[in-house]
Every structure is written in C-alpha cells, then in structure tokens.
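Trainee: pasting the sequence and the predicted coordinates here, then a few questions.
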Amino acid sequence: MSAHAQQQMRRRIAQGAARLIAENGISDYALAKRKAARQLGAPDSHSLPSNDEVNEALCEYRSLFVDEDGAERLRKLHAQALAVMDSLQRFSPVLVGGLADCQTHGDIELEIAEESGKAFEQFLASEGIDFRSADRGRLHCFLLYSEPANVRVCIVPPGGYSRPALSQAQIKRLSEETDQSAAIQRAASSA
C-alpha cells in the first residue's frame, strides 16, 4: 500500500471511529479504531490513526450534526478554553474531556504536565484567581470558577497526558470549522 493510500485509510478509519464514538457512545478509542478498521476491511496494525486524529474527526463529525444553538455554545466554550489556556500559557495546558470531543456540556477540562501542583497553585494565588482543590482519582486538580463553564485543571506527570488532548492551535482550527459548518447549515435552511 502506498504512503498516500495508507494516509487515506488512516483518515477513513479515524472518521469511522469518530462515528462509532458519537453514535454508539463508545468511549474506548482503541476499540473504536479496531472496529472501524474491521468495517473498512483494513488490517488492524498498519493504518490505525492516533487518538488525536480520531479526536479531530470526532469534532468534525459533531460540528456537522450540531444545531445552531449547540454550535454557538461550542464556540463560546472553545473561546473560553482558549482564553484560559492563553492566561496559563507558561504551563502549556492542553484541552481534554468532553469539550475536546466537541461536547457542549460539563466543565472545561485542562491538563498541565508538571511534577507537582505546587507551582501552579502558587501561580493561581499570586494572580488572585479563585480556586479550590478538586482531586480526581490520582490526579491533583484545581477547579476555577468562571462563566459560561467552570474550568478544571489537573496536574499530570510530564509526558503523561491521561486522555486525547487538543492544543490551542487545534482548538482554533476546530472553532473555524464549526463556524463554517454552521454557516453552511444556515444557508441550506434558508434556501
């Protein structure tokens, strides 16, 4: 299989996995990728996309099928996440959780790779940001209160992001795609 054909198959598997996650509620990305590969007749080990590729396809899928109110909420949440990530830029936060999957409910969840949460906690206190500790399992987390959604920031070991994550650049690109999909839907409904 040529490199181009393999890349196309990776993309198709990512899109199939995204559809399985969105429509069937599968939360295990590896399982969704294997099922999508089998459905497409692709060998499991040669063309499986990364979790990030599946996550991007999932956001694209959801942006196509979200109504205008959902698209507006998604835009607001992405904008809020970007603003918070910008203010925390020195910690290189990434977006995880529901909003990273383009879901429009729940807290904004960020992860920061640090040895401990002490430097982050000191930063929050010195900036006068209201927070409370909100540990989640083995992760040390902080809940920041804001509108329209609260922000949960969890400290993970360096190199140890616990879930598929989106960078600021990826969020900006997804926001643009959501805007384009909403414009196309508005044009189609008014025609």
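Mentor: Received, thanks.
Trainee: let me see the contact set for residue 175.
Mentor: 74, 75, 78, 79, 82 (CB atoms under 8 Å, 6 or more residues apart in numbering). All C-beta spots, glycine's among them, are computed from the backbone N, C-alpha and C.
Trainee: which one among the residues you listed gets closest to residue 12?
Mentor: Nearest to residue 12, judged by CB to CB, of those is residue 74 at 24.8 Å.
Trainee: go ahead and confirm the closest one touches residue 63.
Mentor: Yes - assessed by CB atoms under 8 Å, residue 74 is found in contact with residue 63 at 7.5 Å.
Trainee: sorry, back to before: going by distance to residue 17, which of the contacts of residue 175 wins?
Mentor: Lowest distance from residue 17 to the contacts of residue 175 (CB to CB) belongs to residue 74, with 20.5 Å.
Trainee: okay, and that closest one sits in which element?
Mentor: If you go by DSSP states H and E, residue 74 is part of helix 68-87.
Trainee: against which helices or strands is that helix packed?
Mentor: Helix 68-87 sits against helix 97-100, strand 108-113, strand 151-156, helix 168-190, with contacts defined as 3 or more CB pairs under 8 Å, 6 or more residues apart in numbering; DSSP states H and E.
Trainee: the third one - contacts with which helices or strands?
Mentor: When contacts are defined as 3+ CB pairs under 8 Å, 6+ apart, strand 151-156 packs onto helix 68-87, strand 108-113, strand 140-144.
Trainee: try it again with 10 Å
Mentor: Packed against strand 151-156 by the contact rule (3 or more CB pairs under 10 Å, 6 or more residues apart in numbering; DSSP states H and E) you find helix 68-87, strand 94-96, strand 108-113, helix 118-126, strand 140-144.
Trainee: buried set for whatever helix or strand residue 4 lives in?
Mentor: Assigned by DSSP H and E, residue 4 belongs to helix 3-24. Neighbour counts over helix 3-24 (16 or more other CB atoms under 10 Å) mark 9-10, 12-22 as buried.
Trainee: between those, which sits nearest residue 133?
Mentor: Closest approach to residue 133 among these (CB to CB): residue 21, at 31.1 Å.
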